[in-house]
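# Predicted coordinates and the sequence they were generated for:
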Amino acid sequence: MHDDGRYDDPRVTGPGGRPSGAEPVSRETEHQDWPVNGDSRDPSVRPENCDPVVRREPPVVGGVRPAASVPANLPPVRDGQETTGRPANVAASRPVPVRGNAAAAARFESPATGVAAVVPQQPSPHSVADVAAVVLPGDTPSAAGFGADPDPSTYVSRETPTREEDDPPLAMEAMRAVQILNPSGEVTMPRPERTRVMCVANQKGGVGKTTTTVNLAVALALHGNRVLVVDLDPQGNASTGLNVPHHTGVPDVYDCLIDSVPLEEVAQAVEGIPNLWCVPATIDLAGAEIELVSVVARESRLARAIAAYPGHFDYVFIDCPPSLGLLTVNALVAAQEVLIPIQCEYYALEGLNQLINNINLVRQHLNPQLEVSTILLTMYDRRTRLADAVEQDVRNHFGDKVLQAVIPRNVRVSEAPSYGQSVMTYDPGSRGATSYFEAAQEIAERGVKEPVSRNA
């Protein structure tokens with residue numbers, strides 16, 4: 001008995017290894033009594049998650065296999081020479097891996113011609129998987145190598161994407177950038193019937209007050225709203241983010257509070273962003289806390305300056321310092337709504353109770369129209385359980401006041417101020433820009449009862 005992939009039994013092959021009316025039994029060939037697919041002998045019964053159906057070769061009758069079972073693409077066989085059959089759709093330069101014994105074909109001699117031919121071995125499930133792995137893209141299984149073509153309605157190619165609408169990431173990012181930048185200049189966000197003065201306040205530092213103010217203002221201005229940003233923080237970070245000069249000697253909000261300079265003389269148009277103006281803040285504002293102590297009606301100085309502005313704005317955002325001093329009180333008196341950015345960490349929640357108490361005191365004594373209208377969760381890290389716990393606590397306490405849009409941690413948001421830009425113009429396709437755009441759109445929709453037309 002030779003170990004070349006078949007059994008040379010005289011009862012099967014006869015003398016000299018020639019067939020004697022029966023087909024050699026290969027160790028890799030499925031026996032007729034073996035069950036197919038585990039519990040059925042019918043080759044047509046297959047699990048749903050298997051590879052395409054492979055048609056079994058018809059049985060040998062009289063020692064001769066029908067001609068249809070021999071691949072049509074095999075080269076002519078000369079006397080005494082053997083070749084190895086392979087599927088017609090596999091390139092010659094791509095070798096087909098063979099499982100088990102290297103002898104992948106069983107020889108027989110036709111009684112009519114006496115010429116030795118090569119018959120492909122009955123494919124096993126493992127060999128079918130190996131051959132399918134080397135099929136080139138665009139090739140289709142042929143009847144000679146794999147049996148009949150599978151039903152197109154049930155066959156799913158491995159090259160097919162999971163979703164038909166799945167676009168490349170760069171295309172999706174470009175679509176988001178065009179949507180955020182709005183190059184047409186149309187009014188895509190509804191404009192309020194009256195001016196909405198919003199104070200962005202939180203005595204906890206580093207929660208994203210300035211970043212939120214700048215990006216919301218730019219997003220609303222890019223979509224047709226007239227927006228004014230009042231930088232009330234002596235650090236002047238909002239002025240830096242909008243690329244507005246705020247060095248010593250530049251007219252700023254300090255002149256409006258102390259010297260009663262009209263606000264229109266101090267406001268500067270933001271370069272590159274239509275419909276957006278900014279009142280800068282310089283280091284001189286740091287002394288306004290002390291100087292305002294002896295001024296008459298010190299809490300309402302900013303409110304009178306905004307009310308005296310001759311132009312009309314849809315939104316006025318006031319960026320407050322991280323404290324509860326006179327500057328923050330001026331902002332609370334001048335505003336109608338309070339927007340509180342909350343970092344998704346415990347320290348941000350700890351001081352929120354004191355801020356709510358101060359807002360209630362201002363409402364009782366100075367500004368009855370003041371209300372906390374918007375809560376925005378910032379610096380959200382979805383990888384941590386803490387961020388999810390803080391979000392659930394805030395939503396359970398404030399309810400519908402919390403925006404559905406959540407600002408994630410994104411390096412593009414932190415890089416943008418170093419270039420004197422907001423993230424909306426620095427990288428409009430980033431996750432940070434998309435999140436701020438969704439937040440601005442939600443704020444705009446909450447502020448109106450009926451949206452205006454796109455060309456209003």
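That came in fine, so what should we check first?
# In this structure Asn358 contacts Leu324, no?
Yes: between Asn358 and Leu324 there is a contact at 5.5 Å, judged by C-beta atoms under 8 Å. Where you see a C-beta, it was placed from the backbone N, CA and C, and this is true even at glycine.
# For the two, work out which one has more neighbours and name it.
A count of neighbours by other C-beta atoms under 10 Å puts Leu324 above the other of Asn358 and Leu324, at 19 against 15.
# and the more buried one, what element?
If you go by DSSP states H and E, Leu324 is not part of any helix or strand.
# close enough to count as contact, it and Gln203?
Yes: using C-beta under 8 Å, Leu324 is in contact with Gln203, at 5.1 Å.
# got any residues that touch both of those two?
Common contacts of Leu324 and Gln203 (C-beta atoms under 8 Å, 6 or more residues apart in numbering): Gln354, Leu355.
# Could you write out the alpha-carbon coordinates of stretch 419-433 in CSV?
Extracted in CSV, the C-alpha atoms of stretch 419-433 (Å, rounded to 0.1, in the frame of the first residue of the first chain):
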residue,chain,number,x,y,z
TYR,A,419,-4.6,79.5,16.2
GLY,A,420,-7.0,82.2,17.2
GLN,A,421,-10.0,80.3,16.0
SER,A,422,-13.0,78.3,17.3
VAL,A,423,-13.2,74.6,16.6
MET,A,424,-16.1,75.4,14.2
THR,A,425,-13.6,77.0,11.7
TYR,A,426,-10.4,75.2,12.8
ASP,A,427,-11.7,71.7,12.2
PRO,A,428,-15.4,71.7,11.3
GLY,A,429,-15.4,67.9,10.7
SER,A,430,-14.2,67.0,14.1
ARG,A,431,-16.4,65.4,16.9
GLY,A,432,-16.0,68.6,19.0
ALA,A,433,-17.3,70.8,16.2
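# Show me the contact partners of that stretch.
So stretch 419-433 is contacted by 173-174, 176-177, 180-181, 214-215, 218-219, 222, 240-243, 272-273, 407-408, 410, 412-413, 415-416, 436-437 (C-beta under 8 Å, 6+ apart).
# same thing but at 7 Å, please
Stretch 419-433 is contacted from outside by 173-174, 176-177, 180-181, 214-215, 218-219, 222, 240-241, 243, 272, 407-408, 410, 412-413, 415-416, 436, using C-beta atoms under 7 Å, 6 or more residues apart in numbering.
# Any quick ChimeraX command for the buried ones out of those residues?
Entered in ChimeraX, the line below selects the buried ones among these, by 16 or more other C-beta atoms under 10 Å:
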select :173,176,177,180,181,214,215,218,219,222,240,241,243,407,408,410,413,416,436
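# List the contacts of the helix or strand containing Gln392.
Applying DSSP H and E as the criterion places Gln392 in helix 385-398. Applying C-beta under 7 Å, 6+ apart, the contact partners of helix 385-398 are Ile342, Cys344, Glu345, Leu349, Ile375, Leu377, Tyr380, Asp381, Val402.
# tell me the least confident of those residues?
Least confident by pLDDT among these: that is Leu349, with 82.
# Tell me how far it lies from Gly241.
Here the distance between Leu349 and Gly241 works out to 26 Å (C-beta to C-beta, to the nearest Å).
# same question, Ile290
Separation of Ile290 from Gly241 (C-beta to C-beta) stands at 27 Å.
# is it possible to export the contacts of helix 385-398 to CSV including distance to Cys320, secondary structure and neighbour count?
Listed next are the contacts of helix 385-398 as CSV, based on distance: C-beta to C-beta, whole Å; DSSP: H, G, I helix; E, B strand; the rest coil; neighbours: other C-beta atoms under 10 Å:
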residue, distance to Cys320, secondary structure, neighbour count
Ile342, 14, strand, 24
Cys344, 20, coil, 26
Glu345, 20, coil, 17
Leu349, 19, helix, 16
Ile375, 15, strand, 20
Leu377, 18, strand, 26
Tyr380, 22, strand, 19
Asp381, 25, coil, 12
Val402, 20, strand, 19
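# Let me have the residues you listed in CSV, extended by distance to Asp427.
Shown next, in CSV, are the contacts of helix 385-398 (distance: C-beta to C-beta, whole Å):
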residue, distance to Asp427
Ile342, 24
Cys344, 22
Glu345, 25
Leu349, 30
Ile375, 26
Leu377, 21
Tyr380, 18
Asp381, 19
Val402, 26
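# residues near Leu242, how many?
The burial count assigned to Leu242 is 27, neighbours taken as other C-beta under 10 Å.
# err, Gly447, not the other one
The burial count assigned to Gly447 is 20, neighbours taken as other C-beta under 10 Å.
# Repeat that for Leu376.
Leu376 is flanked by 26 other residues according to other C-beta under 10 Å.
# Could you do Gln268 as well?
Neighbour tally, Gln268, other C-beta under 10 Å: 18.
# Quick check on it: phi, psi?
Torsion angles at Gln268 (phi, psi; degrees, to the nearest 10) stand at phi -120, psi 140.
# Hmm, it is touching Asn243, no?
No: look at Gln268 against Asn243 with C-beta atoms under 7 Å: they stay out of range, at 10.0 Å.
# wait, what's in contact with Lys401?
Val372, Ser373, Thr374, Ile375.
# Dump the residues you listed into TSV; add secondary structure and distance to Val390 as well.
Listed next are these as TSV, based on DSSP: H, G, I helix; E, B strand; the rest coil; distance: C-beta to C-beta, whole Å:
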residue	secondary structure	distance to Val390
Val372	strand	17
Ser373	strand	20
Thr374	strand	17
Ile375	strand	12
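# would a markdown table of those with distance to Thr188 be doable?
Formatted as a markdown table, the contacts of Lys401 follow (distance: C-beta to C-beta, whole Å):
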| residue | distance to Thr188 |
| --- | --- |
| Val372 | 27 |
| Ser373 | 22 |
| Thr374 | 20 |
| Ile375 | 25 |
